[in-house]
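Trainee: generate coordinates for the sequence data below:
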Amino acid sequence: MSSHPAYGGHDDGEYRSAAVHVPGGKGAGGPGRHSDARRTERSEPSRPGGDGFRIADVPPWLLVGWIVAGLSLAAGAAFTAIGFLSLQVGTMRTGILTVLGSVVMSLVLGFFQRKHNRALPAGTPGLEGGRKAREKKGAMKDPPPDPAIGTPAEQPARAPDPEDQGLEEHHGFEEHGHGQWFAADPPPIDRGGSPDHVGAASQVLAPAPADFRVLGARSDLAREPWRLPVLPTQPAVAADQARIGTLEIRAASIIGPGHRTQDPATPRQDAYRLGRDTTGRHLIVAVADGMSDSPRSDHGATVAVSTAVAKLRSDLDSGATVQHLSADRLFTELARAITGSAQQRQIDPRDVRTGLIVGVVEVELNRQGRRSAWFGHLADVSAWRQAYPAGHGWEQVAGDHKGAGTDANTLRAFLPFHPNEAQDTWLTLPPGAVLAFLTDGVSDPMTQIPGASASFADWWATPPTLGAFVLDVGFEARTHQDDRTAVVVWCDTPPPGQPDPASPAVGARGRGQPR
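Mentor: Okay, here's the model as predicted:
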């Protein structure tokens, strides 16, 4: 925790005034004395309490226990030694049992001793090292004056420095006698609680976790620490914001609670890439979801999205249009790339299995006021459409449809083994459409949690800020712990911060008013 410039942070958890001398002040008791002058640390009376270890610090019953434990330990050691020297097994056994009993008693007494120490008032010196702690604190509290500088009374007066003007207003200092400035009360810190706790050092709140959205019930794992994987891999969180023509894009991929709370963590198995052709006429999106039972599916997903965007950009730059793209041809090349990359790293191709969806969206509207889009997809990574005005749910337009049976999470085809199972989907988007590419870490809760579809529709009615979008994708849900990735495209939206006069307000936020 960083300290305010006018305050010194002490190890006892309290804020105290840090005195700053200003030459030329009034003398003691003079008219410059402030009516509510505070006692400085130099004149603060020391805390009560003796030095070093005090028997009075230990309750009588606990002291008796320590004495009994010590005597028992000594007696046990004596019996053990006598039995060993005299070869009397019974005596030696008695001594050993007495020593063990003394050890157990010491552990119990130590537990109650620590409990007693924690119950002491804040600032009470500990039983061990109390003298050293107080001597160290006293040395820090009252350092000897520097002979080269002298005491404040010995320093010559000087003309006011223009840089000192406004010192009291900026740093919260108050003037008191002896030509000194003392820090006033700390400025209130807004921690979102009641005013009663503001400025109370004993009630300073710990940093709160990220304010992720909540879908349904809170996740028990959401507040657990984030762990690190053993192997170096892609980061746990990735996010992007982009604009091309009238298309506004937000993208985020976040490791799920089920992966990040393991120790060591499982790498994020989702991946995405954004791209465009050279002329800026097409947006390219690729989203992959590595299979959870493949230990290096994160590598397969990364290779899949990177290769897909590069290959599609090359095809579009060569003159291909949305109508000429082929999922079968593309996914066959992707399968070769994934297998080759795995073999170069001595990874079994079965360990890099992944699902994938790619999409190409025309940037400009055609003569009919619409735009075309193409999707190539394999497995349960999907695309969803929500037509403007938002707020009426989502419609799946590409990707495998999951059922409600026991095989809902079983994939029948995936890369790099089934590229010929990839499917093509062509779509015409109306003006103002919202298009979302989702892994099942987002699409499953969106369709399975009551009210979640409407929540996503409201959150993404207009392009949010990138930070807000990350918090949306990193939602909490008790029964959904998978990695989650979303790439959302808003069509025909004005740049952020510019209202759209042709669009009415949508829900709590008007279109063109990002949160």
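Trainee: tell me the helix or strand right after whatever helix or strand Val309 lives in.
Mentor: Taking DSSP states H and E as the criterion, Val309 maps to helix 297-317. Heading C-terminal from helix 297-317, the first helix or strand you meet, by DSSP H and E, is helix 327-344.
Trainee: just the CA coordinates of that following helix, formatted as CSV?
Mentor: What follows is helix 327-344, C-alpha atoms only, in CSV (Å, rounded to 0.1, in the frame of the first residue of the first chain):
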residue,chain,number,x,y,z
ALA,A,327,-13.9,-24.6,-45.4
ASP,A,328,-12.8,-28.0,-46.7
ARG,A,329,-9.7,-26.5,-48.4
LEU,A,330,-8.8,-24.2,-45.5
PHE,A,331,-9.2,-26.8,-42.8
THR,A,332,-7.1,-29.3,-44.7
GLU,A,333,-4.2,-26.9,-44.8
LEU,A,334,-4.8,-26.1,-41.1
ALA,A,335,-4.6,-29.8,-40.2
ARG,A,336,-1.2,-30.1,-41.9
ALA,A,337,0.1,-27.0,-40.2
ILE,A,338,-1.1,-28.2,-36.7
THR,A,339,0.4,-31.7,-37.2
GLY,A,340,3.7,-30.4,-38.5
SER,A,341,4.1,-27.9,-35.7
ALA,A,342,3.4,-30.6,-33.1
GLN,A,343,5.9,-33.0,-34.6
GLN,A,344,8.6,-30.3,-34.7
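Trainee: for that helix, name the packing helices and strands.
Mentor: helix 297-317, strand 354-362, strand 371-378, strand 423-429 (3 or more CB pairs under 8 Å, 6 or more residues apart in numbering; DSSP states H and E). C-beta here means a position set from N, CA and C on the backbone, and glycine is covered the same way.
Trainee: that older thread, which strands or helices does the helix holding Val309 pack on?
Mentor: For helix 297-317, the packing partners by 3+ CB pairs under 8 Å, 6+ apart come out as strand 270-276, strand 282-290, helix 327-344, strand 354-362.
Trainee: and the helices in the stretch 401-515 of the chain?
Mentor: Assignment of helices within the stretch 401-515 of the chain using DSSP state H, counting those that start in this stretch yields the ranges 440-448, 452-459, 466-473.
Trainee: can you add distance to Ser86 and mean pLDDT and give these back as CSV?
Mentor: Listed next are the helices of the stretch 401-515 of the chain as CSV, based on distance: least, CB to CB, whole Å; pLDDT from 0 to 100:
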stretch, distance to Ser86, mean pLDDT
helix 440-448, 73, 92
helix 452-459, 79, 90
helix 466-473, 76, 94
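Trainee: ranking those by burial, who's on top?
Mentor: helix 440-448 (a mean of 23; mean count of other CB atoms under 10 Å).
Trainee: measure how that helix sits relative to helix 452-459, angle-wise.
Mentor: 110 degrees (axes from the mean of the first three to the mean of the last three CA atoms, to 10 degrees).
Trainee: domains in the chain, by residue range?
Mentor: Using automatic domain parsing, the domain parsing of the chain gives 7-42+142-203, 237-403+410-510.
Trainee: now the first one: average pLDDT?
Mentor: Right, the one you point to is domain 7-42+142-203. In this model, domain 7-42+142-203 has an average pLDDT of 42.
Trainee: re the thing from before, pull out the buried positions in the helix holding Val309.
Mentor: Of the residues in helix 297-317, 297-309, 311-313, 315-316 count as buried by neighbour count, 16 or more other CB atoms under 10 Å.
Trainee: what is the neighbour count of Gly340?
Mentor: By other CB atoms under 10 Å, 13 other residues sit near Gly340.
Trainee: tell me who's in contact with it.
Mentor: Applying CB atoms under 8 Å, 6 or more residues apart in numbering, we find Gly340 in contact with no residue.
Trainee: distance of it from Gly300?
Mentor: 12 Å (CB to CB, to the nearest Å).
Trainee: which stretches of this structure aren't confidently modelled?
Mentor: 1-58, 118-210, 216-217, 387-392, 403-409, 499-515 (pLDDT under 70).
Trainee: looking at it, which helix is longest?
Mentor: helix 89-118 (DSSP state H).
Trainee: redo the helices and strands packed on helix 327-344 as TSV? Include distance to Gly101.
Mentor: Formatted as TSV, these follow (distance: least, CB to CB, whole Å):
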stretch	distance to Gly101
helix 297-317	55
strand 354-362	61
strand 371-378	69
strand 423-429	75
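Trainee: correct me, but Ser341 touches Thr302?
Mentor: No - between Ser341 and Thr302 there is no contact under CB atoms under 8 Å: 9.1 Å.
Trainee: distance-wise, check the closest residue to Val442 other than its chain neighbours relative to Val397.
Mentor: Nearest non-adjacent residue to Val442, counting by CB to CB, 6 or more residues apart in numbering: Arg484, 4.7 Å away. Going from Arg484 to Val397 by CB to CB gives 20 Å.
Trainee: just checking, what packs against whatever helix or strand Gln396 lives in?
Mentor: Element membership for Gln396 (DSSP H and E) is strand 395-398. Under the contact criterion of 3+ CB pairs under 8 Å, 6+ apart, strand 395-398 touches strand 371-378, strand 382-386, strand 423-429.
Trainee: can you list those in TSV and add mean neighbour count and distance to Thr91?
Mentor: Converted to TSV, these look like this (neighbours: other CB atoms under 10 Å; distance: least, CB to CB, whole Å):
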stretch	mean neighbour count	distance to Thr91
strand 371-378	24	80
strand 382-386	24	79
strand 423-429	16	86
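Trainee: I'd like those as JSON lines, with distance to Ala75 appended.
Mentor: What follows is the helices and strands packed on strand 395-398, written out as JSON lines (distance: least, CB to CB, whole Å):
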{"stretch": "strand 371-378", "distance to Ala75": "77"}
{"stretch": "strand 382-386", "distance to Ala75": "76"}
{"stretch": "strand 423-429", "distance to Ala75": "84"}
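Trainee: okay, now Asp483: neighbour count?
Mentor: Neighbours around Asp483, by other CB under 10 Å: 28.
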